[in-house]
Each structure stands twice: as structure tokens, then as C-alpha cells.
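**Q** coords please:
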Amino acid sequence: MSEHFDRAPGAGRARVQPASPGLFGAGDADASGRLFSEREPLRQPRTSPPLADSISSVNDLVVGGDTRRQTKPQQIACGNSAAVPKGCNVETLAKSSTLSANAPEFVPSGIYVDPTFYDGSENYYGEETLADLVADFLYQLSSSPGSFDSDVEHISYTLNSWVTTEALLQELVELIFTQSTAIPNFSYTGARLCNYLSHHLTICPTRGNFRQLLLERCQTEFKKKDAAVTGDQETQKSFHSFVLFLGELYLNLEVKRGKRPPTRADILLGALKDLLNCLLSHPVDANLICAVKLLKLTGCVLEDTWKESGKSDMKELIQRIENVVLDASCSRDVKQMLLKLVELRSSNWGRVHAAAATSNATPDNDPNYFMNEPTFYTVDGTPFTAADPEYSEKYQEILDREDYFPDFYEENGNDSFFLEEEMDPEIEEAFEDFCLEAEKKRGQ
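**A** Numbering: from 1, shown residues only. The predicted model follows:
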């Protein structure tokens, strides 16, 4: 028995039973020896030992001088070996650590925090500013322009509690002006917002109210017109946005003078004329397109206002446009736009010349009398309206045809149609065959 006893650690763990003498025979002594000498290797434990046991084992190894297996225990105890020197223990880590359980915030190393939003307090985001508030309001109006009337009251109420100094009022004017000329298709809503705030902001400093400060800001931008029309593409684009916003502002900004009804700002009328002349004086495509847009937007109002004052300014502008079409080297598409504009003005800007009053309108004196009338169709699909001479006869035919299919409404609101005529014999027989066949299939 002592011949097969192995004093090596872990000996006998292979659980191999001694072979019977007759298993290999007499000549299998070497094989039997190999069987007992080959043992299963020791496997590594599936779980790591406790941290305290690992640290104690590390200290024992260091004291004993055996440093052959220090690498893995040190990594377990000290974590990242690149950041912590070798030979550290729990006491050293606790003394050198900068972590605190009473720290207000913990930011992992992989997360970036914008320093502009961190004010050193317990939260990362500082107090809301007027710029943030206005940006939220303008985004709401831009995304939901249909709810302007209901949103603007809340906006005015909130701004009255915020804007309490002249500096904040000046900042508010600048923010609204900048966004109204920068956000595409926001000039109309921005002009309506300016008109509402000009009448509902309670603050009125000595320098001027909201409307006066807004007009001063527009005047500052107006003075740049000569350099803007000849500037680069970005400068022209910004200037054209301002021109269209000024046109919307002229149409929407109301000035109240005492008990008289509100009127438009007359100062903007002269500014729009000067801007149109400036754009036509430099007839490049971008400037001409901006002039066309502005005249389509405000042309009818400008001409009516000038006619009331006995001026022929619109006639002069149209003459300049015709000269541009003949002499300027603009593109063919832009020339076509200018010609369409001249045609639009010749038709009184698309308005009906002699529209009768609603109470006195008849098919003879009002061409739009039947504009909102419904369209009907005959049996053969021919459309007709109330303007058709045979309207009464055709409409009566529709009523007579509907009498053959009267509607009976049940209590639940569903429509049910009943035909009193009996079913054709052939159709009735075919229907019975269909029902029998369906019943057979259901029984299978």
C-alpha cells in the first residue's frame, strides 16, 4: 500500500480506484503505474477569496520573502495598479482617498459636465434667465402658431413679472428682434407678439416703452442697408430677413393716439419705400427676390396708403421694376417673377374691383356670389353649382332619386335601409344555395 501512496498535496483527489489484477494482465504493470501516477490537476476556485483574507495572505507573503505570487492579490486589494503604487493596503487607501460620504454630488469620471451650467451649488443648473424664458416662449409660438391668442396672454403676464428694469426691457427687445429675424417663417408671429407686448407690458421707463425701443432697434438695422445690399451672401440673407420682418411689423403694429382708432406706424411706411429703392438699385437676384416678396406682402396696403395721401410712389416703383426687367442682368426666373408682380399690381393686387356689400350682393353684381356654394353631380357625373342655369331642375332630380332610398335611423344612430321590393327568383335561389354551402362548411 505504501508503494502507491503519494505525499504530494492533493494526492488521491482523482478518486481513481486500484485496478483489478486481471484487468491488464501480467504485462500491464507499466500501464497500471501510469494510471496511478496520472492525476487530475487542481482547478482554480470559481469565486475570489474575501478581501480581508487576500490582504492578509499578501502581507504574509511579503513578510515571508516569497514574492512570486503577489501580482493578482495586489490588484484585488488595490484596484488599478496604474493609479495606486504597489504594496498599498486598506489603511493606505482610506487615508489617501478624497471621496466623502457627505459630498453633495458624485460625478463619474466618464461623464462630462458643462461648466457653464454648474454654479458650484447643490445642482448643476443655475437659475433661469430672461433669455431662457424668452427662448421657451418663442419656441412655443413657433411650434404652435395656431394657439397664439391663448398663449400670448400667459407670456405677457409672465414677462410683466420678469421685466422690471430698463435694462431687462432693452434685453427683451433685443431677444425678440433677433429671433424674429433669425427663425425662418417667424416674422409674422414675431410682429404680432411685438404688437401685443407694446400694449400690455406695464413697465414704461424714461427712455421709452417697448414699442419705442423696438423702433429704435429697427432704425439701427435700417442704417446698414447700403452696406448690406452689396455684402456677402450671409449679410444679404440677414438683411432680407430684417426687411420682411419690417413689412410684417408695418402690417401688424398698431399705434394708439388718444381716443382715436389705432393706426399703423407711419415711420415704417417711409422706411419700406427706402428699402425697396435700395434693393432695386442693386438688381442682383437675391435683392430682387426680396423686393418681390415684400411687395406681395405689403403692396396693396402701401398703394392704398399712398393714394390716400395723393402720392404716386407705387407707380414709380412699378416703373423701376419694368426698367429692371429690360436692362438688368438678372436671371430669367427672376425676370419672370418681376413680370408676374407687375401683372398682379395691374389686377389691383388680386382684389375684386367692385365687390358688392354682403347684404346687397346678387349673382349679377358680385362675381364671388357663388364662391362658397357646394358642388353637386348629376347621374352621369357632370358637376353643377348654384350658378348653373339649370340648377333647380338638376337639384330636384337628386332629391327625387334620394326618395327611392329613404333613411331610417335606429335608436343607436346607425343607418338602416329597407327595400320593399321582393328578391328576384334566380337571385333568391342562388342565395339559398350559398347559405346551404356555408352551413355544410361550418359543420365540417
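
**Q** show me where the stretch 151-300 of the chain has strands.
**A** Listed in chain order, the strands of the stretch 151-300 of the chain (DSSP state E, counting those that start in this stretch) span 254-255, 263-264.

**Q** contact partners of the first one?
**A** By C-beta atoms under 8 Å, 6 or more residues apart in numbering, the surrounding residues in contact with strand 254-255 are N195, H199, R211, P262, T263, R264, A265. C-betas here are computed from N, CA, C, even on glycine.

**Q** any of those buried? List them.
**A** Buried residues within the contacts of strand 254-255, counting neighbours by 16 or more other C-beta atoms under 10 Å: N195, R211, R264, A265.

**Q** need the max-distance pair from those.
**A** Farthest pair in the buried ones among the contacts of strand 254-255 (C-beta to C-beta) is R211 and R264. Separation: 12.2 Å.

**Q** touching both of those two, which residues are there?
**A** Between them, R211 and R264 share the contacting residues L253, V255, judged by C-beta under 8 Å, 6+ apart.

**Q** got the domain boundaries for this structure?
**A** Annotated domains of the chain cover 2-37, 51-94, 130-350, 376-444 [automatic domain parsing].

**Q** tell me the mean pLDDT for the second one?
**A** Yep, that's domain 51-94 we're talking about. The average pLDDT for domain 51-94 rounds to 49.

**Q** what's around the nearest residue to N348 once chain neighbours are set aside, how many residues?
**A** Among residues not flanking N348 along the chain, C300 sits closest, at 7.6 Å (C-beta to C-beta, 6 or more residues apart in numbering). C300 has 17 neighbours, counted by other C-beta atoms under 10 Å.

**Q** picking that back up, mind giving me TSV with the strands of the stretch 151-300 of the chain and columns for mean pLDDT?
**A** Formatted as TSV, those follow (pLDDT from 0 to 100):
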stretch	mean pLDDT
strand 254-255	89
strand 263-264	89
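
**Q** those strands: which one's closest to G443?
**A** From the strands of the stretch 151-300 of the chain, taking C-beta to C-beta, the stretch that ends up closest is strand 254-255, at 80.5 Å.

**Q** list the contacts of stretch 185-199.
**A** Contacts for stretch 185-199 (C-beta under 8 Å, 6+ apart): 138, 141-142, 145, 148, 152, 155-156, 159, 176, 179-181, 183, 209-211, 214, 241, 244-245, 247-249, 251-254, 256.

**Q** extract the C-alpha set from that stretch and format it as CSV.
**A** Extracted in CSV, the C-alpha atoms of stretch 185-199 (Å, rounded to 0.1, in the frame of the first residue of the first chain):
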residue,chain,number,x,y,z
ASN,A,185,-41.2,82.0,-41.2
PHE,A,186,-41.4,83.5,-37.7
SER,A,187,-41.6,87.2,-38.8
TYR,A,188,-45.4,87.2,-38.9
THR,A,189,-45.8,85.7,-35.4
GLY,A,190,-42.9,87.9,-34.1
ALA,A,191,-44.7,91.0,-35.4
ARG,A,192,-47.9,90.0,-33.7
LEU,A,193,-46.1,89.4,-30.5
CYS,A,194,-44.4,92.8,-30.7
ASN,A,195,-47.8,94.5,-31.2
TYR,A,196,-49.3,92.7,-28.2
LEU,A,197,-46.4,93.4,-25.9
SER,A,198,-46.4,97.1,-26.9
HIS,A,199,-49.9,97.4,-25.4
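
**Q** buried residues in it?
**A** 186-198.

**Q** what would these look like in a markdown table with distance to D433?
**A** Conversion of the buried residues of stretch 185-199 to a markdown table gives the following (distance: C-beta to C-beta, whole Å):
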| residue | distance to D433 |
| --- | --- |
| F186 | 69 |
| S187 | 72 |
| Y188 | 68 |
| T189 | 68 |
| G190 | 73 |
| A191 | 74 |
| R192 | 70 |
| L193 | 73 |
| C194 | 77 |
| N195 | 76 |
| Y196 | 74 |
| L197 | 78 |
| S198 | 81 |
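
**Q** which ones among the contacts of stretch 185-199 lie within helices?
**A** Judged by DSSP state H, these include 138, 141-142, 148, 152, 155-156, 159, 176, 179-181, 210-211, 214, 241, 244-245, 247-249, 251-252 as members of helices.

**Q** in the stretch 301-444 of the chain, which ranges drop under the pLDDT threshold?
**A** Flagging of the stretch 301-444 of the chain using pLDDT under 70 yields the residue ranges 352-374, 376, 378-379, 381, 384-389, 391, 394, 401-423.
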